[in-house]
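> what's the 3D shape of this:
(chains A and B)
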2 protein chains.
Amino acid sequence: MVKRKILLAIADGLGDRPIEKFDQQTPLQYAKKKNLNHLAKNGSCGIMDLHKAGTPVGTDLGHMILFGYSLSDYPGRGPIEAYGDGFELNKGDVAIRCNFATIDEDWNVLDRRAGRIRKGTSELAKSLNGLEILGVKISFKEATEHRATLILRGLGLSDMITDTDPKGVNIRVRECKSRDGDKKSLFTAKVINEFLKVAHNILKNHPINAEREKKGELAANCILTRGAGQMPNLEKTTRKYGFRAACVAGESTVLGAGKIAGFIALTDTSFTGNMDTNFELKAKMALSALEDYDFVAVHFKATDLMGHDNNPDGKVKAIEVFDKMMGVILEKLGSLRDNTIIALAADHSTPCERMEHSGDPVPIVISGPGIRRDTVVEYDEISCSRGALLRISGNEFFNTLLDYMELSKKEGN
Amino acid sequence: MVKRKILLAIADGLGDRPIEKFDQQTPLQYAKKKNLNHLAKNGSCGIMDLHKAGTPVGTDLGHMILFGYSLSDYPGRGPIEAYGDGFELNKGDVAIRCNFATIDEDWNVLDRRAGRIRKGTSELAKSLNGLEILGVKISFKEATEHRATLILRGLGLSDMITDTDPKGVNIRVRECKSRDGDKKSLFTAKVINEFLKVAHNILKNHPINAEREKKGELAANCILTRGAGQMPNLEKTTRKYGFRAACVAGESTVLGAGKIAGFIALTDTSFTGNMDTNFELKAKMALSALEDYDFVAVHFKATDLMGHDNNPDGKVKAIEVFDKMMGVILEKLGSLRDNTIIALAADHSTPCERMEHSGDPVPIVISGPGIRRDTVVEYDEISCSRGALLRISGNEFFNTLLDYMELSKKEGN
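Sure thing, here's the model as predicted:
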């Protein structure tokens, strides 16, 4: 029995489509990427549909699948962000993503992000945290910039409620409504509407806002809610299969998906989620985690951003930074080399021309000791499609990694 | 309509991983195998996950899938072995694998295999066969060496019971217990415990054992039970699809899976399950069966053994014996050639480095008249992954063979 460790490197939104000025190559085909190619050369390649061919997935679901779950396990964005922000949810809790926003006295939205507020959100959040509305316990915590997370805990709650965020300015804050007419969602909507009123009364008189107004800044005097999700009874992946795992990332969505799966979150403020991220520290943290954990995921965000921005040159550069990160890992792997399988994947494609996620499959590699060597020598969407893994689902990809960790369940005898 | 016959040759545990001294080739890539390559060249190749990518399967389930079933049909090892030993089970029968063992007067196990008893087990088995315990009919039959099969037939039985085999020596024989607390399993456990007492009383006084003790050999004075399985209501594959089939093999597990599927069992004592198996007779029996049957499976075991033994050189040799067997078949196919499709498959991978089954896919070939010719000219894990069949499941593989036999069900109109 050879029980191996897995290092899974995820380049967010990596997959793309032909770019005319790259002579119809994708950014990944066009980029210089000797380390990614090295991994492709020493293993099995393929392409992967996270859920199913032609179905785009979000970063949250994409990572949940890479961490061992399926679409049917998806709890909604709210709970995933809540985990990313450090909450531990119980079954039945409703998690909701929030913005601090600015409204006028008629509840018209003046700014959905309260002047992109950065400072003072911790104090503002504290003034709302711990409230009790209609017998429901309110937990409220700031997240990055103008964002925050709201958790409702109590009996008879439901996530089948509408958003109050009107997604535009000079529109009134929407009333929260039931989406299914059920008693539970009607009650939950009532709690939200009452919470928004109470929160407005507290926030509009908060010293932080008085100060902001003095400086001519917009007051963060309202909470907008969206993406309610209720926590299902999900067993941690690490517990289900019996291994120890870590996730190195800057983005709270990814860290949240990891935490749901039982991965410890390793992060740093220098993980910017952009091209200037501290990739050396990411590599270093991943290598250090490999000493203690069986499965280490390391996430790289900039590739996705460049896709969303329709910036093919930027995407090429981002891929080359990702390649450098893998270079540091390969160089410093040391004695872990004999026992570590390195896998490359993406959570979805974000083609520049679409500027959004697509259902195009993503290229994958499983490389290292014990892995069959196919004839592919380059890591890209086309080369990998001729690899020995062929075309598999995200679920099959994870199951394959489990098998190399000696954690798969043998069926039959 | 061209109704073709199928000869399916199965090399047990064939799939493997890179071997360093073979320059990172698998044993199959490294082996000389002109007949297997000939088949690859004249047909379509691919790779197959018996159940699902990354999930290892046992020899029993692997063969059931190759013979037309799915994981959900799996009845447990007990019933499959029982079929291999010549029993025909009814729905509800509980089949249990047994060892003849040696215990002392306190029921401590002295030897789990009664000194690896080989002779006299037929007489010992006869002394237990036909008993009735608490209204349940006992069928008991010897199998190879120290092994035997026990069948319980009666109302209100269940296979949710524990093993009595303690899997070690100087430990007491375990009491059989219910695994689910249900009335049926509680009753079945009671029957087993009672049977073990009765069997001990009969065996300890049996003349065969008196003789063994006189010679200083261990008495086969106890039965240890394990792997209880209850027969589900499985329709024979041959009946479901309407064809006649035969299975040429030495291993009772494979013959048992075949019998469940409705294949007649063709075997010989010279089928040793090892390198020295009588491959010429296997080839001859397969060819002869092709005259009378629509579908003939021929099984070769040594490849799996070499994987379990971490013996890459032995695995290469075993593959070369398998290749010779296929050479005999190809040479003597004669007039059957125009009408016979030869398929190559494996029931699972048994990588030398793991010494156990793995979830790595296995290479497959479907070759002969009417089969598309792809560009693959070698039968191995990597070459076949570039074949025209791509990556399919065991279920899809069987369904494809059915279609070439003109037995598939057309859906729609």
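> looking at this, A:S44 is in a helix?
No: A:S44: not assigned to a helix; according to DSSP: H, G, I helix; E, B strand; the rest coil it is strand.
> chain B versus that one, what's the distance?
Using Cβ to the nearest Cβ, to the nearest Å, we find A:S44 at a distance of 8 Å from chain B. Placement of C-beta: from N, CA and C, glycine included.
> that residue: neighbouring residues, count only.
26 (other Cβ atoms under 10 Å in any protein chain shown).
> and it, what does it touch?
A:365-367, A:371-374, A:387-389 (Cβ atoms under 8 Å, 6 or more residues apart in numbering or on different chains).
> could you find the closest non-adjacent residue to it?
A:A388 (4.4 Å; Cβ to Cβ, 6 or more residues apart in numbering or on different chains).
> inside strands: which ones of the contacts of A:S44?
A:365-367 (DSSP state E).
> touching, A:F279 and A:K301? I think so.
No: applying Cβ atoms under 8 Å, one finds A:F279 not in contact with A:K301, separated by 10.8 Å.
> so what's the nearest residue to A:L39 once chain neighbours are set aside scoring on pLDDT?
Leaving out its chain neighbours, the residue that sits closest to A:L39 by Cβ to Cβ, 6+ apart is A:S367, at 4.2 Å. pLDDT, A:S367: 98.
> and A:M1, by the same measure?
So A:M1 comes in at 60 (pLDDT).
> any idea how far A:M306 is from A:T272?
14 Å (Cβ to Cβ, to the nearest Å).
> same drill for the two, tell me which one is more crowded.
Between A:T272 and A:M306, A:M306 has the larger neighbour count (other Cβ under 10 Å), namely 25 against 13.
> the more buried one against A:E320, yeah?
No: using Cβ under 8 Å, A:M306 makes no contact with A:E320, being 11.4 Å away.
> residues shared between the contacts of the two?
Shared contacts of A:M306 and A:E320, defined by Cβ under 8 Å, 6+ apart, are absent.
> which parts of chain A sit against chain B?
When proximity is defined by Cβ under 8 Å from any Cβ of the partner chain, chain A lies next to chain B at A:1-2, A:370-375, A:386-392, A:396-403, A:406, A:408-413.
> selecting buried members of the residues you listed in ChimeraX, what would you type?
Burial among the residues of chain A next to chain B is assessed by 16 or more other Cβ atoms under 10 Å in any protein chain shown; the matching ChimeraX selection reads:
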select /A:370,371,372,373,374,387,388,389,390,391,392,396,397,398,399,400,401,402,403,408,410,411,412,413
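> and the residue of the stretch 1-150 of chain A that's closest to chain B?
Going by Cβ to the nearest Cβ, chain B is nearest to A:V2 of the stretch 1-150 of chain A, at 5.4 Å.
> in a helix, that residue, correct?
No: according to three-state DSSP, A:V2 belongs to no helix; its state is coil.
> sorry, back to before: would JSON lines of the ones in strands among the contacts of A:S44 with neighbour count be doable?
Putting the ones in strands among the contacts of A:S44 into JSON lines (neighbours: other Cβ atoms under 10 Å in any protein chain shown) gives the following:
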{"residue": "A:V365", "neighbour count": "28"}
{"residue": "A:I366", "neighbour count": "26"}
{"residue": "A:S367", "neighbour count": "23"}
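> can you give me the helices for chain A?
Secondary structure of chain A by DSSP state H: the helices cover A:27-30, A:34-41, A:59-66, A:77-84, A:121-128, A:183-204, A:207-214, A:237-241, A:252-260, A:279-292, A:302-308, A:312-332, A:394-404.
> Throw those helices into a markdown table and include mean pLDDT and distance to B:N221, thanks.
Converted to a markdown table, the helices of chain A look like this (pLDDT from 0 to 100; distance: least, Cβ to Cβ, whole Å):
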| stretch | mean pLDDT | distance to B:N221 |
| --- | --- | --- |
| helix A:27-30 | 98 | 69 |
| helix A:34-41 | 98 | 59 |
| helix A:59-66 | 97 | 55 |
| helix A:77-84 | 91 | 60 |
| helix A:121-128 | 97 | 75 |
| helix A:183-204 | 98 | 65 |
| helix A:207-214 | 96 | 85 |
| helix A:237-241 | 97 | 42 |
| helix A:252-260 | 95 | 55 |
| helix A:279-292 | 98 | 51 |
| helix A:302-308 | 97 | 70 |
| helix A:312-332 | 98 | 61 |
| helix A:394-404 | 98 | 42 |
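> columns distance to B:T102 on top of the ones you listed, output as a markdown table?
Output for the helices of chain A, formatted as a markdown table (distance: least, Cβ to Cβ, whole Å):
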| stretch | distance to B:T102 |
| --- | --- |
| helix A:27-30 | 65 |
| helix A:34-41 | 55 |
| helix A:59-66 | 52 |
| helix A:77-84 | 57 |
| helix A:121-128 | 72 |
| helix A:183-204 | 64 |
| helix A:207-214 | 82 |
| helix A:237-241 | 39 |
| helix A:252-260 | 53 |
| helix A:279-292 | 47 |
| helix A:302-308 | 66 |
| helix A:312-332 | 56 |
| helix A:394-404 | 39 |
